[in-house]
Structures are given as structure tokens and as C-alpha cells.
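>>> this one's sequence-less:
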């Protein structure tokens, strides 16, 4: 029913005016330079050990039994967003060391730099599509919205977040007179309007029942938020497609980029999203292109996919 799979293309072939090297440059301040000998292998062994523990626990509980309930996921993210925006500081250097790969190179990355890297790609898509209204579903503490609003001050941005902690952290930052200097330095795109962040609409709500009219947004974005919605995949994607009037931009751990054994086991052990890019057709969205040509975690792949709302006219 999904139709043919979507062929992944190099980022530079999408006509967005940006390539993988530019994306990596945005990530570079959060990449460990000249790590001590064996550090990458040590981190890999640690994560394999943790993966084995999760798999053993899952097998013991019954393989097909749900591992992470919606309440557990909610509690995890309530705790995660308590850190606020202090980690987005390019002057601190890497504070954590996660094994990533960039093309044929092994690197250690502080995941706090991932939003900076992705912002390059999101900005390129917005320049190409020229939407007037943009929604991010599962916006956390709003980092993507804050970075994009200043770069595209003529666009109306809305961020929907389930957790009260993430929502409140976004509102707390928005209440300031200006964005903190460390966030301005973190932004990889020129900030054309220092007050645009005040105009973002932050809404606390559930992706499965959004308080928006059908087709309210020209562009809807999900950034590793559907990743956490496997238990409600059908409901969430149906609702996301409903409020999309033009396009959906999804950066998610699609099955297409998690085909090798290590990644498949990791996804299964965490109850992460396991849908394919082609599955977007089931919800009335036609995939246009997809790419995984940017730095990736070794244990979890993600793809950036653009889909167009299918109309019956």
C-alpha cells in the first residue's frame, strides 16, 4: 500500500543550495578534536553493552511487549528539558562523546550541536518552499523555532510541545528582552530580526489531537519527535497530515536508514518509530525527496524527508 521506496539522494543533489560539508561545519564546534587513542572504540563498547542489557531485558519481558509506555516517555522528556538552553554554547566545547559517522570517518560528537547542524538544512528548505506559516510538532524547549524565527522574520512560527517542562522553558526564554548571546553565537544562519523570537506561538498540546484547523500550516516539521510516537504512530501521523496544508518535513529514524542489524536492534530495544518514508502515502502525503547525507549517530540513523500534501482537486 505504501508504494515504491524512496531513493536517498546526496544533500547536494536536492537543489537546496547546501551540501553535507556545510552541514558538518555547523556541527564542528561540538566534535571532539584529536580524541585520545581508543576513545571512539571505548564509547562504542559502552553503547554495545547498554544495547545488550536492553535486549536482554526486552527478551525477559516478552519481545512483543511494549517497553516504553507513553507515560514513561513523557517523564523522560520532562527531565530532559530541565537543562534549558545552557547546553547550546559553542564556547564550551564537547561535553559528551557519542559515536557518530560522517561519510567514512568516525567522530565523537556532543549531541547538543545537532540542532545547529540541522538548522542549515531546515533553513535551506524554508528558502526553497517560502512558507508563510510553519509548525514544529514536538518542539521541546523551542531551539529550532528560536533559530529559524530570527533568520526568517516574515514567517509565522508555531511550536507544539507535549511536556510542561519543555513548553515552560520555551516561554521562559521568550520572556527575555533579547536572545542570550550564546544562542546568537549558536545560530548558524544570519539573524535578521533580534525580536522575531517574541512572535513565536508556543502551544502545549498532544500531537494526536492538535488544536489547529485542518490545513493550517504551509509547512509542518517533525524533528525526532515522531521517533517517540511508535505506540501512537497511526494517530500522530494522521493528525500531522491533517494540519499540513502544503508540505511535511520529517527528520526521523525511518526504517530506510536503520536496516543494518545494530541499528535495527537499537530501534527495537527502545520502541522507537519504525515506519518507512513510503508510508507517508498512507496518510495522504507524497514523498518528494529524502537524504541521509549528513553526520549520523552510529547506533541510530535518521533521514530528512520532504513530502507534499496530496489534494483531490
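Yep, that arrived. Everything numeric in this text was worked out from a predicted model, so none of it was measured. Residues are numbered from 1 along each chain as shown.
>>> Check the burial of residue 176 by counting its neighbours.
Summarising burial for residue 176: neighbours were counted as other Cβ atoms under 10 Å, giving 10. Backbone N, C-alpha and C define where each C-beta goes, glycine included.
>>> actually residue 263, sorry about that
As a burial measure, the neighbour count of residue 263 was computed by other Cβ under 10 Å and equals 20.
>>> What residues does it make contact with?
Under the criterion of Cβ atoms under 8 Å, 6 or more residues apart in numbering, the neighbours of residue 263 are 257, 299, 300, 301.
>>> next one: residue 116
Residue 116 makes contacts with 26, 27, 29, 30, 88, 90, 147, 186, 187, 188, as judged by Cβ under 8 Å, 6+ apart.
>>> ok, 7 Å please
With contact set as Cβ atoms under 7 Å, 6 or more residues apart in numbering, residue 116 has these partners: 26, 27, 186, 188.
>>> again, but for residue 139
By Cβ under 7 Å, 6+ apart, the contact set of residue 139 is 145, 159, 160, 161.
>>> tell me the contacts of the closest residue to it other than its chain neighbours?
Beyond its immediate neighbours in the sequence, the residue positioned closest to residue 139 (Cβ to Cβ, 6 or more residues apart in numbering) is residue 159, lying 3.3 Å away. If a contact means Cβ under 7 Å, 6+ apart, then residue 159 has 136, 139, 142, 145, 170, 200, 202 as its contacts.
>>> Between those residues, which sits nearest residue 241?
Minimum distance to residue 241 across the contacts of residue 159 is 15.4 Å, recorded for residue 136 (Cβ to Cβ).
>>> so is that closest one in a helix, a strand, or just coil?
When classified by DSSP: H, G, I helix; E, B strand; the rest coil, residue 136 comes out as strand.
>>> The residue nearest to residue 154 when sequence neighbours are not counted and residue 153: what is the separation?
With sequence-adjacent residues excluded and distances taken as Cβ to Cβ, 6+ apart, residue 154 is closest to residue 132, at 7.9 Å. Residue 132 sits 12 Å away from residue 153, taking Cβ to Cβ, to the nearest Å as the criterion.
>>> Looking at these two, which one has more neighbours?
When residue 132 and residue 153 are compared for neighbours, residue 153 comes out ahead with 16 against 12, by other Cβ under 10 Å.
>>> So the more buried one is in contact with residue 190, correct?
No. Here residue 153 lies out of contact with residue 190, judged by Cβ atoms under 7 Å, at a distance of 10.9 Å.
>>> who's the residue sitting nearest the centre point of the chain bridged to?
With distances taken as Cα atoms, centre = their mean, residue 223 lies nearest the centre of the chain, 2.4 Å away. Under DSSP bridges, the beta-bridge partners of residue 223 are residue 251.
>>> For it, give me its contacts.
Taking Cβ under 7 Å, 6+ apart as the contact definition, residue 223 lies against 118, 136, 144, 251.
>>> contacting residues for the residue found closest to the second one once you drop the neighbours it is linked to in the chain?
This means residue 136. If the residues on either side of it in the chain are set aside, residue 136 comes closest to residue 221, at 4.6 Å by Cβ to Cβ, 6+ apart. Residue 221 is in contact with 122, 134, 135, 136, 249, counting by Cβ under 7 Å, 6+ apart.
>>> Before I go, just wanted to say thanks for your time.
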